[in-house]
Structure formats: structure tokens, C-alpha cells
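Peer 1: Mind folding the following:
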Amino acid sequence: MCTCASHPAEGPAEAPASETPASETTRSGRRAVLRAAVLGGGAAALAGLAPAASAQAAPGGRRPGHRGTELFLLGTAGGPPPLAARTGIASALVVNGRTYVIDAGRAAVTQFMRAGLSMPSLAAIFLTHLHADHTVDLFSFPLLSAGVVGKQGFQKPIDVYGPGSAGRLPAGPPPGSHWVEADDPVPGIATMLRLSNAAFAYSTNGFIAEHMGSDPADYVRAHEIQPPASAGAGATNTAPRMDPFPVMENDDLKVTAILVPHGPVFPALAYRIETEDGVIVFSGDTARSPNVPRLADDADVLVHEAFHRDAVAAIGYPPAVVEHIGAVHTEVGELGAIGVESGARHIVISHISPADPAVLSNAGWQKAADASARKARYRGRITLGNDLDRFDVARNRR
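Peer 2: Residues are numbered from 1 along each chain as shown. Here you go, the predicted structure:
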């Protein structure tokens with residue numbers, strides 16, 4: 001079942017290579033089915049109908065020319081306030097030379113280049129939810145790079161996957177406030193991209209007039225994700241217990257998602273990305289939820305958000321604000337238990353709050369993470385992530 005409402009842009013759009021709806025698999029067969037899908041190129045392999053493709057695999061089950069999977073933490077700060085020490089939340093997976101970005105927070109484009117990634121390799125962007133600290137640099141990718149020749153640009157359309165409209169706002173607005181854009185207060189990613197493009201129309205048209213640019217919309221395909229109706233989710237029931245559901249699949253990877261609780265935000269998603277080299281899960285912003293361990297079952301790397309309650313309180317926020325943060329995020333002391341519940345072998349902490357090292361040092365964060373692992377008797381690793389950290393996923397498994 002496809003859960004994405006695709007909004008293809010007009011122009012030179014091309015269909016992604018070998019993309020098929022992902023299939024539900026059993027826990028015991030998940031890795032074997034993934035390998036068949038990657039080697040056989042999609043649904044035929046999943047059905048066991050492509051033995052010739054599988055027979056061409058190199059020793060160890062990889063395709064000839066397989067180039068591995070690397071995880072890059074582009075930015076690791078949680079929340080909107082800008083900091084010098086850490087940039088906004090964004091990650092990238094490079095699979096067989098193609099790059100998939102997960103969230104596009106402040107400075108994501110700059111960090112993408114600093115990481116040594118090649119803009120022509122960009123294949124897709126996945127958004128966990130539509131808070132500004134996860135999306136502020138989204139349109140910067142096509143606005144600044146679409147149609148540009150060389151390592152700073154890309155010539156082929158990219159796919160953007162993320163939440164569709166929430167459908168409705170929570171009760172409110174609070175006294176003394178007002179809704180923004182009351183006629184359409186809960187746009188999904190397709191509308192977000194369209195309005196962003198409209199806001200920069202004068203700049204784009206000026207470049208087109210000078211024979212130096214083209215319409216960024218021609219280089220973006222929006223795929224709005226809505227959870228299956230059977231989950232019973234909505235703006236008033238944002239993250240019920242549920243099974244993961246398919247998002248997309250191609251020759252590089254298979255992506256599934258699950259809803260996570262993040263206050264009134266809907267849909268808020270966590271992603272599971274399976275490649276030939278291992279399974280990487282991104283929690284997105286979430287309070288502790290049984291849905292995350294379910295999605296991260298037997299994962300090799302779980303990139304999980306965290307806040308430190310005492311450090312947040314030390315900033316001087318009122319107690320009610322500290323409690324609110326605790327209600328919509330995961331305390332670092334809970335990560336060890338999440339590791340035990342999921343069986344994930346390595347937890348990498350990102351989207352940290354507070355992100356200012358003057359409030360809590362890296363050593364302080366790691367001390368709290370280690371204490372969490374000991375308390376839960378978690379046998380895996382918990383690592384504090386930093387901007388531009390890089391992980392070889394296959395090597396990480398050993």
C-alpha cells in the first residue's frame with residue numbers, strides 16, 4: 001500500500017530508479033527480504049522472482065560495485081535558537097554514492113558541502129516533521145543548487161518525502177495569540193515548497209532573465225506522507241501504537257516510517273532506512289514511545305533525539321516550560337532502556353537540548369548517556385553526536 005500523495009513538479013522530472021512500494025516483512029525475514037530487494041531491483045525480487053539478479057551478487061551478498069553506506073551528522077542542535085557551537089538538525093546517508101538527507105535544519109546546505117558531499121549526488125530529502133528547526137533549509141537545496149553545473153548543483157529532480165497536512169489545528173489559539181495564515185494554517189510539504197518558491201519568484205525570474213537560472217520547482221517532487229487509515233491516527237490521536245508502514249524503496253534502500261508523539265504535531269515521523277550494509281533509524285522529535293523501539297527493532301544505528309532535564313532547568317526556563325519540553329521529548333536517561341527494548345546496537349544522540357556547551361559540555365552529555373546505559377544494562381553503545389561526525393555503517397556493525 002502506498003501512503004504517499006505525490007505532487008510531481010512540471011518540467012524535466014524523471015522517475016526514481018526502480019522505486020516500488022515497500023512490502024511488509026516478518027521480523028525473522030526482514031534482512032533477507034531487504035537483501036533480495038536491493039539485489040533484485042524491487043517487487044519482483046521481493047516475490048522471489050528475480051534469482052538471476054541475486055546470483056550476480058558479489059561474495060558476502062553485495063552487488064558488484066557496491067560502494068557502501070555512510071552516515072553523516074550534518075547538524076545536531078535541537079530547537080530553533082541559533083548557536084555558534086552546533087548547527088541545526090540534519091543528517092545524510094550516502095548509499096552507493098547517492099545521498100539521502102534526513103531533515104534540513106539551519107545551515108544544512110552549508111554542512112552538506114562541509115561534509116565533502118557532492119550536490120549532484122543528492123537523490124532525496126526526508127522530513128520527520130514540519131517544525132522550522134527541521135525544515136528551515138529545505139528550500140535552500142533547490143533554490144540555490146537546482147540546475148547549477150558542477151559540485152555545487154544538481155541537474156536531476158530530487159524527491160522530498162514528508163508530512164502532509166495535519167488536517168486541523170489543536171484547540172486555540174492561546175489568549176493573546178492568533179493563527180498565522182488562518183485560511184491554510186496546517187500546510188503539508190507540497191504547499192510549503194510551493195509557497196517558498198513563490199516567495200523567491202523575483203530572484204528566480206531575475207536569474208532566468210539573465211540566462212543564469214531556472215524554476216526550482218522543476219527539480220523537486222513532493223511526496224506527502226499520511227499514515228494508513230487503519231492506524232486510527234489524527235490531530236487528536238497523533239501516535240497510537242501501530243505497525244511501521246512503507247514509504248519508498250529503490251535499488252539503494254528501503255524506507256518505512258512510524259508515527260511518534262511530539263505534542264500536537266501531526267504527522268510526526270520516525271524513519272527506518274535499510275541498506276545492504278545495515279539498518280539506520282532516525283527517531284525524529286519524540287517523547288518516549290513504544291513505536292520507536294518497534295521501528296528500531298534490531299537496528300544497527302539508532303539516531304535518537306535527547307534532552308537533559310537538569311541542564312534545561314538550569315537555563316532558567318519556568319517549571320511549566322521544562323515540563324512541556326519533557327512531555328514532547330526524550331530524556332537522555334531513558335536512552336539505555338530504549339536500546340534494550342529495541343535491540344539497537346548503537347545509539348547516536350542528535351538533536352540535543354540544550355545544545356550550548358556552555359550549559360552542558362560534551363563530557364557532561366556523555367556521562368549522562370553512560371549512566372543511562374548502565375542503569376538499563378544496555379550492552380550496546382551510546383555516543384553523543386557532533387556536527388560532521390561520520391559513521392561507516394558496515395564497519396559500525398562489527
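Peer 1: Dihedrals phi and psi, the residue lying closest to residue 259 once chain neighbours are set aside?
Peer 2: Spatial nearest neighbour of residue 259, chain neighbours left out: residue 239 (4.2 Å); criterion: Cβ to Cβ, 6 or more residues apart in numbering. Yep, even glycine has a C-beta here, placed from its N, CA and C like the rest. With angles defined as degrees, to the nearest 10, residue 239 sits at phi -150, psi 70.
Peer 1: ok, now which ones touch residue 239?
Peer 2: 233, 259-262, 268, 286, 289, 291 (Cβ atoms under 8 Å, 6 or more residues apart in numbering).
Peer 1: Phi first, then psi, for residue 67.
Peer 2: Dihedral angles (degrees, to the nearest 10) for residue 67: phi -110, psi 10.
Peer 1: Would you check how far apart it and residue 153 are?
Peer 2: 22 Å (Cβ to Cβ, to the nearest Å).
Peer 1: on that earlier part again, now the contacts of residue 239 in a markdown table, please, with extra columns for neighbour count and secondary structure.
Peer 2: Formatted as a markdown table, the contacts of residue 239 follow (neighbours: other Cβ atoms under 10 Å; DSSP: H, G, I helix; E, B strand; the rest coil):
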| residue | neighbour count | secondary structure |
| --- | --- | --- |
| 233 | 18 | coil |
| 259 | 27 | strand |
| 260 | 26 | coil |
| 261 | 21 | coil |
| 262 | 24 | strand |
| 268 | 27 | coil |
| 286 | 26 | coil |
| 289 | 22 | coil |
| 291 | 22 | helix |
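Peer 1: the helices in this structure, which residues?
Peer 2: For the chain, the helices defined by DSSP state H cover 30-40, 43-46, 51-55, 108-114, 132-135, 140-145, 189-199, 201-209, 291-295, 309-314, 319-328, 335-342, 362-376, 393-397.
Peer 1: Out of those helices, flag the one nearest residue 248.
Peer 2: helix 30-40 (11.8 Å; Cβ to Cβ).
Peer 1: Can I get stretch 320-330 in PDB? Just the C-alpha atoms.
Peer 2: The C-alpha coordinates for stretch 320-330 follow below in PDB (Å, rounded to 0.1, in the frame of the first residue of the first chain):
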ATOM      1  CA  ALA A 320       5.900  24.700  33.200                       C
ATOM      2  CA  VAL A 321       8.200  25.100  30.200                       C
ATOM      3  CA  VAL A 322      10.600  22.500  31.400                       C
ATOM      4  CA  GLU A 323       7.700  20.100  32.000                       C
ATOM      5  CA  HIS A 324       6.400  20.800  28.500                       C
ATOM      6  CA  ILE A 325       9.800  20.000  27.000                       C
ATOM      7  CA  GLY A 326       9.900  16.800  28.900                       C
ATOM      8  CA  ALA A 327       6.400  15.900  27.600                       C
ATOM      9  CA  VAL A 328       7.400  16.200  24.000                       C
ATOM     10  CA  HIS A 329      11.000  15.000  24.000                       C
ATOM     11  CA  THR A 330      13.000  12.000  25.400                       C
END
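Peer 1: what sits up against it?
Peer 2: 78, 261-263, 283, 285-288, 304-307, 309, 312-313, 317, 338, 353.
Peer 1: one more time with 10 Å
Peer 2: 78-79, 260-265, 268, 283, 285-289, 292, 304-307, 309-310, 312-318, 331, 338, 349, 351, 353-354 (Cβ atoms under 10 Å, 6 or more residues apart in numbering).
Peer 1: So for that stretch, mean pLDDT?
Peer 2: For stretch 320-330, mean pLDDT rounds to 95.
Peer 1: Next, the buried residues of it.
Peer 2: Across stretch 320-330, burial judged by 16 or more other Cβ atoms under 10 Å covers 322, 325-326, 328-330.
Peer 1: Likewise for stretch 90-105?
Peer 2: 90-96, 98-105.
Peer 1: just to revisit the earlier point, looking at residue 67 and residue 153, which is more packed in?
Peer 2: Set residue 67 next to residue 153 and count neighbours by other Cβ atoms under 10 Å: residue 153 wins out with 17 against 14.
Peer 1: which ones are touching the more buried one?
Peer 2: 118-120, 122, 142, 144-147, 219.
Peer 1: 7 Å instead?
Peer 2: By Cβ atoms under 7 Å, 6 or more residues apart in numbering, the contact set of residue 153 is 119, 145-147.
Peer 1: Out of those, which is nearest to residue 253?
Peer 2: The closest of the contacts of residue 153, once distances to residue 253 are taken by Cβ to Cβ, is residue 119, at 19.5 Å.
Peer 1: burial measure for the closest one, as a count.
Peer 2: Neighbours around residue 119, by other Cβ under 10 Å: 21.
Peer 1: thought it was touching residue 151?
Peer 2: Yes. Residue 119 is in contact with residue 151 according to Cβ atoms under 7 Å; the separation is 6.1 Å.
Peer 1: And the residue nearest to residue 187 when sequence neighbours are not counted, its phi and psi?
Peer 2: Computed as Cβ to Cβ, 6+ apart, the closest residue to residue 187 that is not its neighbour in sequence is residue 165, at 6.1 Å. Residue 165 adopts backbone torsions of phi -60, psi 140, taken as degrees, to the nearest 10.
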